[in-house]
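Enquirer: what's the 3D shape of this:
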Amino acid sequence: MRFFRFLLLSIYSLVFVTHVQAQEFFPSQRSWEKTRIQYQKFAWKYLANQNFEVYYFGKNEVLARTTLQILDSDFQRVSSLLSYTPYQKTQIFVYPSGSELAQSNSGISYADAQEAADENRAKFRIEIAFETQFQSYKENLLKQLAHVYIHDILYGGSIKDVLQNSLLLSVPEWFESGLAAYIATGETAAMSQYMYQVVVANKVRKPVLARGLEAEYIGQSIWSYIAKTYGASQIGNIVNLTRIIRNEQSSISSTLRKPISKFLKEWFEFYVSDAKQYEVNVQDVAKKMLFSIDVTKGEQLRDFQLSPDGNWLAYIMDDAGRYRLLVKSMKTQVSKELFKTGLKDPLRLAGGVRPIIQWSRKQDLYVLYHQEGKNFLNTYQLNKQNLRLSTKKNLGELRFLDFELSASGQQMLVRSFKQGQVDVGIYDLRRNRLTSITQDANQESEAHWWGKDGDIVYLTDRIADSTYLKEKGMLTMMHWRAEDPSNPKALFQHKGQIRHVRPISDSLIYFLNESPFSHELVSYHTSDQKLYQTIVKSGDWSSYRWENDVMVVKNRLVLQDQLQIYSAKQVTALPAYLWYPMLPDTSQALAPVVSNDESKRSADIRKSRIDRQQALRLRKDANRLLGPLDYHNSFVINGSEGSFKIDPIRGLGYSLDLKMNDLMENHLFKVGAYLSANIKNVDLWGEYAYLANKIDWTLRVDRKILDQQTEVLSQKIRYNRVELKSVYPLNLQSKLSFSGMFTSNRSIDQFNLSTPEDVSAYLGGRLSYTFDNTVFWAENLQTGFRMYAGVEHQNTLQQSFTRFNLDARHYLKISNSFLLATRLSASHAMGELATQTILGGMDNWLFIDREERNKANPLGTAGIANRDVFMSDFATSMRGFRMNKLSGNSHLLLNTELRVPLKSLVGSGYSKSQLLNTFQIVGFFDMGSAWTGSNPFSRTNGFNTNVYGGNTNPFQATVTDFRNPFLFGYGVGVRANLIGYFIKLDYAYGIENDEIRSPITYLTLGHDF
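Expert: Next up is the predicted model:
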């Protein structure tokens, strides 16, 4: 009956609280706060129109305007495809590089990257950084915009709709991520090649079981198939119907009027047919595997460079923004780590600024990297088969997107990014001077040395031929000659994606052309000024390097990036056919021939007409374009969190927290309250955090009240604390914290008002170190290591105490079905006023049961707690025993859990039910002890020394027994998310002094340690 009463209260709470989750109040559910490192201050401004607000800082207005143009040009297409009109503006925060984005505090208060991303989508907010190419920047921007709109269609609307959809609507990952990818890029070579590979091998996973990149490719292919076969208008119908009937399979069947099984079969056969057609038109050649990397796990291969003699391979590995440079000997196949840079950030999907590597003709390796807002160039010289650092050059704030060394090694051909604009230039390493080659509004995507005379070939979106319209996706291959720098020559133009240009000789250039189905290896010959496509099987190539007769190719087999070696002679020996660039329709672009005067007069008339039309539009809609305007901090409520809290001292109650912050989350306000079931015990607290600088500051005020009554006593304890904390992040994983605090404890006798108040006042401080590199895997499941180590000193006028704490946790993913979690917790207090640690039970135990002990303990021997009880510590989980089983100035606790997600165990993988998706089975073992004295085996330890009698009894005896000081607990449990609460049910046996005790059942709230 008590359980059903609790269930009804939970449902009632869920309806009236905006965001409900089990709060973390106890050591085992410690809150592991994230940090950012700021190297500069951002003065934000923004541009706005009727659909978007684009925020930028510094001299990045050009980047902001380009972003707004991209959004405006694709807004109609995206909204039409989804049959959707947004009801509010989308806010886009643009950063010139990933380094600046890594300094942003946005999303810092969330537990994992997915939670932060979902919150941004719900708030119509996008954060994006420019990396190296405008094309990838555009694709990423449109993908994030599509995610925002899809999230609003499925889960947005009124408060009632949001609540209902969040509980009742659950779509598989392929549905949303695949649709966002299709909206942003349509069909891509990467998606098509993945589908060709899996359908030919008959290894297509069921869409509902796919995760990550696999889900995106499968979903993208499904939506592409729907658009090509049934029409793009059906996409919006399916998405909107899914919101109504809350089932994506039924939505597809109802819209297309075809059973889902038949639809999936036809989708499969469609790509089988395409794959066979692709195989007929290409030819494979012999290759040798260097190594392969699973793109869904851990590090990813970002770049690689082959040395001129072909004996060394340098490559960059990326681990969530932490970059490693390794060098591999092609003879011995041994790799050696040479260099590290960057900061690992599990909260962000995009990293910082990755290093750029290049070999010189003298076999020196150059590394260009970004660190703390500046750029550095390291040179490593090859000496006796070892690369050693020879020079380190500070390049200041100049940002280079890529570079190539000249034959002499004294100049670098660079693409630089400045004020939102990409330009090509030559950087003189001796004079530290940059000479621009291009300096206009056009975007250059690649630049390479060509020939022995210092000539350059580069790709630009500039249209050299005036007969062509300026169209999206139009690229021109330009030839810049050192002898005539002011007159670059256009080699050819193409409407599409060209990547990885490789000048092989003075008369030959190779590059990869990306079609919707594959990557094509194309060569340009100056002898006849024609282009030829080699029929090598290059569809899955994403990059390649060519040195002498060796080609190192990066390709992808299903979900593994591979590096393979090809013989360049075998590749070039394959047949090649004429390749014709795609060009826009010029029929509307051709204008009649007129004289210069007539042309000038027509242009003036046309400009006047456009100006008048724009003025009329602005008068009709004043919000057509605003800005740039200064951004003023405006605080918003970031959600309320309500939950039942079972305080270990005061029992069941309800806690409600409210969070406010500015848009950039540099200023965080939090207030909260707790009210116990008897309405006599109350907590009030408030916190302000300032996070805009490298050192974060937090001011917190706490007030707690404990009201206790027995037949003969009535006592009220008031606890007040003011704490000022500073946090110095060493990196994004570790930090040092120092707190100064004033604490007041006041005990009041409510039966006898003449009894003087018992008051203690402490002035103290705390120094702590935190390390956390855990990565979210699923709810209540993570991988990695985290640790907290701290020392606290509290001092009164005459007495003091010092307490040391350690909390270390390790999470090991054994397989997709098993995860092993271990935790070591320890503390030691010393001094005249040494506080005690209370061992036993679990955190947030709904029907909490405390051990009745006949000796002094923090919770009181006669039902009345001592004055400083709120300064005590709690050691949990110690299952198999009641709360307050042991206490002492020191404790040691070891927890081990084997966690098994049900969905991976039974192979279902995906379910409409949140309960089944989060259901976990746990086997656990706990071992711990708490004691006072030098060690737990001391003869005079607190737990084996008991005093009987005394007070009104004329007889008193002290009894000391000798028993095993450690308690052991073992058992099984289940966990699941039910109506917004993560609920745990454990059945545990305790072992005390080699005796197995009666089992105890624990029903608790909140996640495990």
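Enquirer: what segments of the stretch 801-950 of the chain are helices?
Expert: Ranges of helices in the stretch 801-950 of the chain, per DSSP state H, counting those that start in this stretch, are 902-906, 914-918.
Enquirer: for these, which has the smallest mean pLDDT value?
Expert: Here the helices of the stretch 801-950 of the chain differ in mean pLDDT, and the lowest is helix 902-906 at a mean of 75.
Enquirer: name the nearest residue to Leu730, sequence neighbours excluded.
Expert: Nearest residue to Leu730, sequence neighbours excluded (Cβ to Cβ, 6 or more residues apart in numbering): Leu736, at 6.7 Å. Quick note: C-beta positions are derived from backbone N, CA and C, even for glycine.
Enquirer: what average pLDDT does the helix or strand containing the one you found get?
Expert: Assigned by DSSP states H and E, Leu736 falls within strand 734-749. Averaged across strand 734-749, the pLDDT comes to 93.
Enquirer: and it, what does it pack onto?
Expert: Applying 3 or more Cβ pairs under 8 Å, 6 or more residues apart in numbering; DSSP states H and E, we find strand 734-749 packed against strand 714-729, strand 758-772.
Enquirer: show me how far that strand is from its chain's centre.
Expert: 33 Å (Cα atoms, centre = their mean, to the nearest Å).
Enquirer: can you check stretch 373-390 too?
Expert: The answer for stretch 373-390 is 32 Å, by Cα atoms, centre = their mean.
Enquirer: try stretch 106-126
Expert: That offset, for stretch 106-126, works out to 9 Å (Cα atoms, centre = their mean).
Enquirer: hmm, who's touching it?
Expert: In this structure, residues lying in contact with stretch 106-126 by Cβ atoms under 8 Å, 6 or more residues apart in numbering are 34-36, 86, 88-93, 127, 141, 144-145, 147-148, 151-152, 155-156, 346-349, 638, 659, 661, 663-665, 668, 691, 775-776.
Enquirer: and it, which residues are buried?
Expert: 106-113, 116-117, 119-122, 124-126 (16 or more other Cβ atoms under 10 Å).
Enquirer: just stretch 176-195 next, same as before
Expert: Buried-residue list, stretch 176-195, by 16+ other Cβ under 10 Å: 176-185, 187-195.
Enquirer: got a list of what the closest residue to Met660 other than its chain neighbours touches?
Expert: Counting by Cβ to Cβ, 6+ apart, Met660 lies nearest to Phe669, which is 4.2 Å off, once chain neighbours are set aside. The contact partners of Phe669, by Cβ under 8 Å, 6+ apart, come to Phe635, Lys659, Met660, Asn661, Gly686, Glu687, Tyr688.
Enquirer: mind putting those into CSV with secondary structure?
Expert: Below are the contacts of Phe669 laid out as CSV (DSSP: H, G, I helix; E, B strand; the rest coil):
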residue, secondary structure
Phe635, coil
Lys659, strand
Met660, strand
Asn661, strand
Gly686, strand
Glu687, strand
Tyr688, strand
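Enquirer: filter these to the buried ones?
Expert: Buried, going by 16+ other Cβ under 10 Å: Lys659, Asn661, Glu687, out of the contacts of Phe669.
Enquirer: alpha carbons of stretch 450-465, as CSV, please.
Expert: The C-alpha coordinates for stretch 450-465 follow below in CSV (Å, rounded to 0.1, in the frame of the first residue of the first chain):
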residue,chain,number,x,y,z
TRP,A,450,52.6,22.9,-58.8
GLY,A,451,55.8,22.5,-60.7
LYS,A,452,59.3,23.7,-60.0
ASP,A,453,58.8,27.4,-60.7
GLY,A,454,56.7,28.2,-57.6
ASP,A,455,53.4,28.0,-59.4
ILE,A,456,50.2,27.2,-57.4
VAL,A,457,47.0,25.5,-58.2
TYR,A,458,44.0,26.2,-56.0
LEU,A,459,40.2,25.6,-55.8
THR,A,460,37.9,28.5,-55.3
ASP,A,461,34.1,29.2,-55.7
ARG,A,462,35.0,32.2,-57.8
ILE,A,463,33.4,32.1,-61.3
ALA,A,464,36.0,33.3,-63.7
ASP,A,465,33.8,33.0,-66.8
